[in-house]
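1. next one to model:
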Amino acid sequence: MANVQPPKKKLQILFHAMDGTGHLNACVGMAEALIKRGHSVLFLVNAAFKGQFSKYGFEELTLERAKKEGEDKGKGKGGNGPSEEQVNPVKAFAKMILKSGMLNDKTPLERVKEMAEKRAKGDDKDQEFIKSLYESTVDFNPQIKRAIEERKPDLFILDHFLIPPCLPESGVPWLYLFSGNPIAIYGSKDLPPFTTGYPTDSDRALWDEFLSYKNSMGDSFHKYQQKLYEHFGYEATEEDFPKKDGGIFPQCKYGYVYGYPKELDYQDLIPIPEKFIGMDAFCRETKPAEPFKLPEGFAKEGEKLIFFSLGSMGSVDVELVKRVTSILSSKTPYKTIVSKGPLADEYELPERCWGEGFLPQTQILPLVDLVITHGGNNTVTETFSFGKPQIVLPLFGDQYDNAQRLTEKGFGRRLETYKFKDQELVDAVEALINDQKLKERLEAAAKRIAADRSKEVACMKIEAVAEKYAK
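-> Numbering: from 1, shown residues only. Below you'll find the predicted structure:
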């Protein structure tokens, strides 16, 4: 049992995250724990997400995007109302991913190699993502600066690829909350490169080959961070940028916050630095006013259930969702709950499958016996916290790393998302959903997580950072 002590002081904490469901949900989970300890939390959020945090009891301050050329107030291009990016940034970003061609059967090495070759030819379309983050940060930075000046926070928590220049300029201590697989922020040469999904004991020549292409990508993040500092006249030092050896995530001298279960974390391979504040999962806990209920008659008592989610980004690949649900419906005896994602209204589910665009994941996980997921960090860690086995169909980013770690630790199975045969999925479902020894291991892990109260312990460490650097 963890030795949790009450806070010495009530803190004022500001949160700011980039526009992505995974980023925002991780911050919600962290903020819930801090509020339970009596601290005040203010979310600085894109105006398009207005109300998404107040429903959990959080105070919000909305950040407005500047009008684009040719747009009137309250109107999008051509005067036909707000643009989709303004109204639903998650859906707009998901569509951008679909349009970009990111969702394909290429390996991480093939993708990064192709990207490097295109850049060598002057094609920088892959930089659209970081460019869009730069543009939104240009809009938001003055508003964040004003919030810092008015609220005078004790601490700022950031989950973003770019640092708003007003943050280091303010002198307020801040922590970098990372809502992905921690390989990315450890920066250890004794771990496979981030996003490769390579086994931890794989040939290091593969690691070097990947990095020879990947390092050039870090230059883009460094370039736009530099451009951001110059735009606002902030004189940056080396520690205000990602690491030079291809790093894409900000450095933070105060520390990092991340969520990853001890059973999956990498302490068996590297020492975890003291400034890294870890917990088993950010796992959201606040229950909505109306508890989740399955449709009447969908599942009978004692029936085994599957939960299938490719996340808000991955679920835009409607053909993949259709294929997986078709196999589950026609070739397994189990019923499946499906998180359909932002394009939910564009397709129907087959028999013995039910779902909606967005579902309260943490309320569904206790009801099911198996989870099929894209491997997003929140889904992986939340599922693990509830003691459920996982089949992972990674699509991009750290999803490959999560899929591999679950597989090599014996808590799940990784399939090749666009190459698996129908029977491979069926076999994986039957193997995991009926593995009693695995069920016992996962239940033991879930009990350990509940007893350790790692999120509360992390709060104590966060409070210590604020105390150490208090003005």
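
2. what number of residues lie near Ser54?
-> Under the neighbour criterion other CB atoms under 10 Å, Ser54 is assigned a count of 12. (C-beta placed from N, C-alpha, C; glycine too.)

3. give me the beta-bridge partners of the residue nearest to it when sequence neighbours are not counted?
-> Leaving aside its chain neighbours, Ser54 sits nearest to Glu60 (5.2 Å; criterion: CB to CB, 6 or more residues apart in numbering). Counting by DSSP bridges, Glu60 is bridged to Phe43.

4. pLDDT score for the closest residue to Cys166 other than its chain neighbours?
-> For Cys166, ignoring the flanking residues on the chain, the nearest one in space by CB to CB, 6+ apart is Lys145 at 3.6 Å. With respect to pLDDT, Lys145 scores 98.

5. sorry, back to before: burial of the residue nearest to Ser54, as a residue count?
-> 17.

6. now do Pro7
-> Should you count by other CB under 10 Å, Pro7 turns out to have 17 residues around it.

7. show the pLDDT at it.
-> In this prediction Pro7 is given a pLDDT of 91.

8. are we agreed that it is in a helix?
-> No - counting by DSSP: H, G, I helix; E, B strand; the rest coil, Pro7 is located in no helix; its state is coil.

9. and the helices in the stretch 1-150 of the chain?
-> Secondary structure of the stretch 1-150 of the chain by DSSP state H, counting those that start in this stretch: the helices cover 21-36, 84-87, 89-100, 108-120, 128-151.

10. just the ones you listed: most buried one?
-> When you average the neighbours per residue for each of the helices of the stretch 1-150 of the chain (mean count of other CB atoms under 10 Å), helix 21-36 leads with a mean of 22.

11. now it: mean pLDDT?
-> When the per-residue pLDDT values of helix 21-36 are averaged, the result is 93.

12. packing partners for it?
-> On a contact count with 3 or more CB pairs under 8 Å, 6 or more residues apart in numbering; DSSP states H and E, helix 21-36 meets strand 12-17, strand 40-46, strand 155-159, strand 174-178, strand 256-259, helix 311-314, helix 377-385, helix 454-468.

13. just want the angle from the last one to strand 174-178.
-> Read that as helix 454-468. Put simply, helix 454-468 runs at 150 degrees to strand 174-178, going by axes from the mean of the first three to the mean of the last three CA atoms, to 10 degrees.

14. between the helices of the stretch 1-150 of the chain, which one is closest to Tyr334.
-> Go through the helices of the stretch 1-150 of the chain one by one with CB to CB and the one that ends up closest to Tyr334 is helix 21-36, at 26.2 Å.

15. who's in contact with that closest one?
-> With contact meaning CB atoms under 8 Å, 6 or more residues apart in numbering, helix 21-36 is reached by 11, 13, 15, 17, 41, 43, 45, 49, 52-53, 56-58, 90, 157, 159-160, 177, 179-180, 257, 259, 281-286, 311-313, 376-378, 455-456, 458-459, 462.

16. ok, of the residues you listed, which come out buried?
-> Among the contacts of helix 21-36, those that count as buried by neighbour count (16 or more other CB atoms under 10 Å) are 11, 13, 15, 17, 41, 43, 45, 49, 52-53, 56, 58, 90, 157, 159-160, 177, 179-180, 257, 259, 281-284, 311-313, 376-378, 455-456, 458-459, 462.

17. the longest helix belonging to the chain: how far from the chain's middle?
-> In the chain, ranked by residue count with DSSP state H as the criterion, the top helix is helix 204-231. With CA atoms, centre = their mean, to the nearest Å as the basis, the distance from the averaged C-alpha position of helix 204-231 to the chain average is 20 Å.

18. what sits against the nearest residue to Ala236 once chain neighbours are set aside?
-> Nearest in space to Ala236, with sequence neighbours left out and distances taken as CB to CB, 6+ apart, is Tyr229 at 4.5 Å. Contact analysis of Tyr229 by CB under 8 Å, 6+ apart lists Pro165, Glu235, Ala236, Asp240.

19. hang on, the earlier thing: mind checking how far the residue nearest to Cys166 is from Val172?
-> Summarising the geometry, the distance separating Lys145 from Val172, computed by CB to CB, to the nearest Å, is 11 Å.

20. quick one: the residue nearest to Ser54 and Leu42 touch, right?
-> Yes - counting by CB atoms under 8 Å, a contact exists between Glu60 and Leu42, whose distance comes to 7.5 Å.

21. if we can go back for a sec, now the longest helix of the chain: mean pLDDT?
-> Per-region confidence: helix 204-231 scores 89 on mean pLDDT.

22. now swap in stretch 360-371 and tell me
-> Averaged across stretch 360-371, pLDDT comes to 95.

23. re earlier: the residue nearest to Ala236 and Leu158: what is the separation?
-> Look at Tyr229 and Leu158: by CB to CB, they are 15 Å apart.

24. next one: Ala48
-> Look at Ala48 and Leu158: by CB to CB, they are 19 Å apart.

25. any idea how this structure splits into domains?
-> Annotated domains of the chain cover 12-283+453-468, 305-451 [automatic domain parsing].

26. where among these is the average confidence lowest?
-> Comparing mean pLDDT across those, the lowest value falls on domain 12-283+453-468: a mean of 89.

27. what is the end-to-end distance of it?
-> Using CA to CA, to the nearest Å, the span of domain 12-283+453-468 from its first residue to its last is 15 Å.

28. likewise stretch 367-377?
-> Stretch 367-377: ends 20 Å apart by CA to CA.

29. who touches Ile97 in this structure?
-> Shown in contact with Ile97 (CB under 8 Å, 6+ apart): Leu103, Met313, Val316, Phe396.

30. again, 7 Å this time
-> Leu103, Met313, Val316 (CB atoms under 7 Å, 6 or more residues apart in numbering).

31. and if you look at Phe58?
-> Taking CB under 7 Å, 6+ apart, we find Phe58 in contact with Ala31, Val41, Phe43.

32. one more pass at 6 Å, please.
-> Contacts were defined as CB atoms under 6 Å, 6 or more residues apart in numbering; by that measure Phe58 touches Val41, Phe43.

33. which parts of the stretch 301-450 of the chain are strands?
-> Ranges of strands within the stretch 301-450 of the chain are 305-309, 335-339, 353-356, 370-373, 390-392, 412-414, based on DSSP state E, counting those that start in this stretch.

34. for beta bridges, what are the partners of Asp159?
-> Beta bridges link Asp159 to Ala17 when assigned by DSSP bridges.
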